[in-house]
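Peer 1: Below is the sequence, then the predicted model.
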There are 2 protein chains.
Amino acid sequence: MKTIRRQILIAAALVCALALTATMANAADPLPSWNDGAAKKSIIAFVGKVTTAGSPDFVPIPERIAVFDNDGTLWCEQPLPVQLYFALDRVKALAPKHPEWKTKEPFASLLKGDLKTALAGGDHAVLELFMATHAGMTTVEFERIVKDWIATAKHPKTGRLFTEMTYQPMLELLAYLRANGFKNFIVSGGGIEFMRPWVEQVYGIPPEQVVGSSIKTRFEMRDGKPVLMRLPELNFNADKAGKPVAINQHIGRRPVMAFGNSNGDKEMLEYTQVGRGARFMLLVLHDDAAREYAYGPAKGLPNVKLGAFTLALYEQAKKDGWTVVSMKNDWKQVFAAE
Amino acid sequence: MKTIRRQILIAAALVCALALTATMANAADPLPSWNDGAAKKSIIAFVGKVTTAGSPDFVPIPERIAVFDNDGTLWCEQPLPVQLYFALDRVKALAPKHPEWKTKEPFASLLKGDLKTALAGGDHAVLELFMATHAGMTTVEFERIVKDWIATAKHPKTGRLFTEMTYQPMLELLAYLRANGFKNFIVSGGGIEFMRPWVEQVYGIPPEQVVGSSIKTRFEMRDGKPVLMRLPELNFNADKAGKPVAINQHIGRRPVMAFGNSNGDKEMLEYTQVGRGARFMLLVLHDDAAREYAYGPAKGLPNVKLGAFTLALYEQAKKDGWTVVSMKNDWKQVFAAE
């Protein structure tokens, strides 16, 4: 009996030690890569009030949904979104099987290394590029292709792995929200099946919490086994006004917090804002030409290109009390690998 | 110091007591409404082997995905699926605004109480009925309509609330899997937004873990506020071969366990089965005319109607080692409210 009592006490002491360690960790700064400024304060104050039982702004755990854009919000999207580099590399890999690409745009220019001419065709050229490189295989095969590519693919300017060019302050934010009972979702205009193979390891976000654009798939039997074939047909474009639609479709709950960096995220933030109770909206402003890139309103010019953040959106954010993060002033460290 | 030490010991003792209670609860029968037979044994054996660290069949927690059909698997789908009763009641409620329905099928027959003639139009009639009753309002308005309806709607034969005609053994199974680290998803041919307003309370399944058929929605501004309008246009039919497609789209991981009761679930179970490692497939056989209904192979006849479970599927299940649950023999209690 004495031995048992002793064992219980030792176990109990261990449990207490663990609890104490957890408490101490919580007490430490959860966002060490953020400078002490208005942006950081607004995040901590909001999380504090929605997680404090008895607070008029308290939000029960199941309703703590946070949505994050990916390109330009969680990782670098310049000089081009990463998925475009993936498509370009796939064109090179698939070219031997497509002799017709030698004379067909946008492939011909791409294969000559002339990105500018290739992308001059705009959305149409990009869509053609995506269908040619993202369809025609099973979902399992595509997952393997993405995993192999992302393991070694590097940014053209820094030479770092793309996955090292995720934003350290945002990784801390994801962890901080998770520790406070939030379920983090990615809601990106990028391809859902381009993100799922790596975001769990990189962001701690499981595949079922990834929402994105998609092509259609079809269930069929191949060699007597069921597979899902990826078809060269758009299923859903989860950008702009498609983001709230996709949130409703996948999550079925209005987010409490929403994070973006461009006009592609405007409707997602607006949709979040009109929910009952406390809501938090944030835009990342790319104003750090030295450590990352400066584009959008940081240039002082309306920018309507891919990944744009117009001055009008900047003014809307200020008017509606959205938090605008200056990468230059609010972030001590930009990239995860530094 | 002594006081603090005492407090720590009291806290520790409490923690231990809680841990002990949890252990005792686990040791008790997790599926008390299941008779001890092959079906129950197969479930417990499977969950045991995939959750035992070091077992060759061990599945890490993030990969423990279980998918459940809803109609006929989690609750009663006879004499008609519940959502059809909802549509019928909506027709009655909306009739004053639609004088043209007095002479237009399937509405005219419905309003006269002649269900048989109304549904004689088959899938086309059902689709028309659904579009007329499920579209034309915002997602928030529709959620309210469903919540109000489900709170009082009763089964035509038993007079019980539909939500009381969920299957007690399946509720226990959901809880048992959840306690063992599984994430339970509904994957139903039924409407995703018809289920979400009540399944969290009834099944403990949050909206983001509900997959189903859907109509399109559109983001628009109404009175200066963003809303999602429900459009009378099918977005996706999550039945039959649509189930694996919807699983891939929403979850992005192949399930480890899949539960259904009809040919509408065949492809979902086939897709689950071919995953690497241990997989578990189960079909509920409705063979209990006394306590519920007997249909499908229990009648000894191929049945190709809504919610069918053909003899061919029954034979496929036996051949492939899927568990077939006899409601009559395997379940001590059928409904949650008994």
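Peer 2: Noted; the coordinates are in hand.
Peer 1: From here on, just use CA atoms for contacts and neighbour counts.
Peer 2: Fine.
Peer 1: What strand or helix carries residue A:277?
Peer 2: For residue A:277, there is no host helix or strand (DSSP states H and E).
Peer 1: Could you pull up phi and psi at the closest residue to it other than its chain neighbours?
Peer 2: Using Cα to Cα, 6 or more residues apart in numbering or on different chains and skipping the chain neighbours, the partner closest in space to residue A:277 is residue A:57 (6.4 Å). Torsion angles at residue A:57 (phi, psi; degrees, to the nearest 10) stand at phi -100, psi 10.
Peer 1: Would you agree residue A:57 is in contact with residue A:49?
Peer 2: Yes: between residue A:57 and residue A:49 a contact is recorded at 5.9 Å, counting by Cα atoms under 8 Å.
Peer 1: Does residue A:294 touch residue A:308 like I think?
Peer 2: No: contact criterion Cα under 8 Å: residue A:294 and residue A:308 do not qualify, at 11.5 Å.
Peer 1: Could you pull up the residues touching residue A:198?
Peer 2: Counting by Cα atoms under 8 Å, 6 or more residues apart in numbering or on different chains, residue A:198 touches A:147, A:150.
Peer 1: which parts of the stretch 101-250 of chain A sit against chain B?
Peer 2: Applying Cα under 8 Å from any Cα of the partner chain, we find that the stretch 101-250 of chain A lies next to chain B at A:193, A:196, A:206-209, A:211, A:217-219, A:225-228, A:241-242, A:244-245, A:250.
Peer 1: change it to 7 Å
Peer 2: Taking Cα under 7 Å from any Cα of the partner chain as the measure of proximity, the stretch 101-250 of chain A contacts chain B at A:207, A:208, A:217, A:218, A:219, A:226, A:241, A:244, A:245, A:250.
Peer 1: just checking, next helix/strand downstream of the helix or strand of chain A with the lowest mean pLDDT?
Peer 2: For chain A, counting by mean pLDDT, DSSP states H and E, helix A:2-27 ranks last in confidence among helices and strands (a mean of 52). The first helix or strand that comes after helix A:2-27 along the chain, using DSSP H and E, is helix A:38-51.
Peer 1: roughly how far is that following helix from the heart of the chain?
Peer 2: On the basis of Cα atoms, centre = their mean, to the nearest Å, helix A:38-51 sits 21 Å off its chain's mean C-alpha point.
Peer 1: and it, what other elements does it pack with?
Peer 2: Packing contacts for helix A:38-51, counted by 3 or more Cα pairs under 7 Å, 6 or more residues apart in numbering or on different chains; DSSP states H and E, involve strand A:323-326.
Peer 1: who's in contact with the strand it packs on?
Peer 2: For strand A:323-326, contacts defined as Cα atoms under 7 Å, 6 or more residues apart in numbering or on different chains pick out A:39, A:281, A:282, A:283, A:284, A:285, A:286, A:287.
Peer 1: wait, the fourth one sits on residue A:258?
Peer 2: No: in this structure, residue A:283 sits apart from residue A:258 without contact. The criterion is Cα atoms under 7 Å, and the distance is 8.6 Å.
Peer 1: and for the two, which residues touch both?
Peer 2: With Cα under 7 Å, 6+ apart as the test, residue A:283 and residue A:258 reach no residue in common.
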